[in-house]
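*Asks:* Next comes the sequence, and after it the predicted model I'd like to discuss.
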Amino acid sequence: METEVVIIEEKNIDDVAKENLKKAGQIIKDGGLVAFPTETVYGLGGDALNPKSSQKIYAAKGRPSDNPLIVHVAEFEDLTRIVSSVPDSAKKLAAAFWPGPLTMIMNKNDKVPYETTGGLDTVAIRMPNNQIALELIRQSGGYIAAPSANTSGRPSPTLARYCVEDLSGKIEMIIDGGQVGIGIESTIVDLTCEVPMILRPGYITADMLKEVLGEISIDRTIIDSSSTQKPKAPGMKYRHYAPKGELTIVQGSQDSVVSYINEVTKTSMEQGKRVGIIGTDATKDLYKATIVKSVGTRDDESTIAHELFKVLREFDDENVDIMFSESFDDSGIGQAIMNRLLKAAGHHVITV
Ligand code: TXA
Ligand code: MG
């Protein structure tokens with residue numbers, strides 16, 4: 001299959017862009033797949049109410065079909081048509097955070113096929129904050145099932161060229177809307193439990209949710225690597241974002257982290273290995289390795305979320321054998337950053 005790539009600027013959705021979005025919407029209505037930008041990461045979209053489309057999504061990603069998809073809507077009223085009832089908490093959260101990087105899990109009704117929910121009676125729903133995504137959802141009939149637009153196991157794409165890398169030849173269209181704003185996937189909150197529970201940390205933090213809901217819990221399995229329980233979001237059990245090189249997270253004071261990393265890097269390079277380091281603006285000049293990258297600044301951790309997956313993909317392209325990364329604060333958005341980084345490292349952490 002030939003994959004058409006169209007470029008659309010979010011800030012300038014002119015007549016040509018509208019025509020392209022209409023065409024993309026028709027592809028989805030006809031049961032085809034389109035990769036598109038959201039504010040978090042690129043999504044791989046198909047008609048959420050068409051079981052065949054969901055099956056195609058799993059096939060294109062090489063994703064296990066017990067791992068449910070998120071349904072994307074453009075209007076709150078559309079949500080009410082695919083759930084058995086709308087909890088008050090959903091109304092409050094939507095008013096506070098939609099459109100935005102928050103996915104809510106509710107009980108589904110018969111309109112949503114089990115192919116989309118991986119066999120579950122619940123459905124994950126979100127309204128993305130990106131004009132291209134919102135217009136595409138409207139043009140395609142209102143319900144787009146979209147996982148991140150990467151091959152299963154690779155870092156989520158934050159640029160269209162990574163969708164091209166992973167999905168070219170497998171889907172009908174890729175919409176290139178430039179680099180995404182946030183860079184890590186949405187926060188997922190389960191509203192079917194007595195106390196709403198965070199199943200995946202993201203840009204919307206536990207404190208932000210608590211402010212709206214009063215009470216919030218968190219699935220321990222996502223923060224406790226020694227937990228043997230199964231995570232509640234089926235997708236969280238898979239080792240995501242596995243880079244090609246072996247990644248180790250090093251935690252400790254800045255000085256000891258830098259000197260430890262430099263020491264082991266020297267030994268590895270003497271053995272002929274290519275070593276990549278994920279540092280920050282403040283430390284990148286202190287490292288000596290084959291490749292050193294800054295992932296952002298600790299003064300504003302959203303810069304780190306924005307660059308993290310891109311940096312991991314770049315190291316893949318540069319064929320490093322070994323990687324070291326600094327560690328980040330496990331609070332606020334840092335919790336989401338560490339969750340993704342720990343997965344990429346297969347929970348390999350050294351304290352110095
Ligand atoms: O930011 C995002 O959420 C992006 C963009 C494209 O919107 N999408 C995304 O989708 O990250 P995906 O498929 O890569 O991750 C969806 C996660 C998986 O871990 C899946 O197991 C979980 O959501 N999930 C979906 N439906 C669920 C349900 N009914 N119950 C529990 N977990 C669910
Ligand atoms: Mg994903």
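*Replies:* Looks like it came in fine. Ligands and ions are numbered 1, 2, ... in the order given.
*Asks:* going forward, measure contacts and count neighbours with C-alpha atoms only.
*Replies:* Will do.
*Asks:* wait, doesn't Tyr143 sit right on Ile137?
*Replies:* Yes - in this structure, Tyr143 is within contact of Ile137 by Cα atoms under 8 Å, at 6.2 Å.
*Asks:* what is in contact with the two at once?
*Replies:* His72, Val73 (Cα atoms under 8 Å, 6 or more residues apart in numbering).
*Asks:* Next one: Leu33 relative to Leu21, how far apart?
*Replies:* Leu33 is 13 Å from Leu21, where distance means Cα to Cα, to the nearest Å.
*Asks:* Just want to know which of the two has more residues nearby.
*Replies:* Between Leu33 and Leu21, counting by other Cα atoms under 10 Å, Leu33 is the more crowded of the two (29 against 24).
*Asks:* Ser168 is in contact with the more buried one, correct?
*Replies:* No - using Cα under 8 Å, Leu33 is not in contact with Ser168, being 11.4 Å away.
*Asks:* Report the secondary structure state of Lys56.
*Replies:* Of the three states, Lys56 takes helix under DSSP: H, G, I helix; E, B strand; the rest coil.
*Asks:* my bad, Met323
*Replies:* Three-state assignment for Met323 (three-state DSSP): strand.
*Asks:* Please name the residues that touch it.
*Replies:* Shown in contact with Met323 (Cα under 8 Å, 6+ apart): Gly245, Glu246, Leu247, Thr248, Val275, Gly276, Ile277, Ile278.
*Asks:* Strands - which of the residues you listed land there?
*Replies:* Glu246, Leu247, Thr248, Val275, Gly276, Ile277, Ile278 (DSSP state E).
*Asks:* Kindly state the beta-bridge partners for the first one.
*Replies:* Going back to what we said before, that points to Glu246. When assigned by DSSP bridges, Glu246 has beta-bridge partners Ile322.
*Asks:* Quick check: residues of the stretch 201-350 of the chain near ligand 1?
*Replies:* Lys232, Ala233, Pro234, Gly235, Met236 (Cα under 6 Å from any ligand atom).
*Asks:* Surely the first one touches Leu199?
*Replies:* Yes - with contact taken as Cα under 8 Å, Lys232 and Leu199 are classed as touching, separated by 6.4 Å.
*Asks:* any shared contact partners between these two?
*Replies:* Contact with both Lys232 and Leu199 is made by residues Asp219, according to Cα under 8 Å, 6+ apart.
*Asks:* Between those two, which is the more surrounded one?
*Replies:* More neighbours surround Leu199 than the other of Lys232 and Leu199, with 25 against 17 (other Cα under 10 Å).
*Asks:* where does that one fall, helix, sheet strand or coil?
*Replies:* With three-state DSSP as the criterion, Leu199 reads strand.
*Asks:* residues contacting it?
*Replies:* Each residue near Leu199 by Cα under 8 Å, 6+ apart is listed here: Thr187, Ile188, Val189, Asp190, Ile218, Asp219, Ile222, Pro231, Lys232, Ala233.
*Asks:* where does this structure have low pLDDT?
*Replies:* For the chain, the stretches with pLDDT under 70 are 223-228, 237-240.
*Asks:* What distance do you get for Gly119 to Val112?
*Replies:* To Val112, Gly119 is 10 Å away according to Cα to Cα.
*Asks:* More neighbours: the two, which one.
*Replies:* Each of Gly119 and Val112 has its neighbours counted (other Cα under 10 Å); Val112 has more, 21 against 14.
*Asks:* what number of residues lie near the nearest residue to the more buried one once chain neighbours are set aside?
*Replies:* Among residues not flanking Val112 along the chain, Leu49 sits closest, at 5.4 Å (Cα to Cα, 6 or more residues apart in numbering). Using other Cα under 10 Å, Leu49 has 23 other residues around it.
*Asks:* Do I have it right that Leu49 meets Lys111?
*Replies:* Yes - look at Leu49 against Lys111 with Cα under 8 Å: they come within range, at 6.5 Å.
*Asks:* How about the contacts made by Ala160?
*Replies:* Pro37, Tyr42, Ile174, Ile175, Asp176, Gly177, Gly178, Gln179.
*Asks:* go on, Ala146?
*Replies:* Listed by Cα under 8 Å, 6+ apart, the contact set of Ala146 reads Gly43, Leu44, Gly45, Gly46, Leu69, Ile70, Val71, His72.
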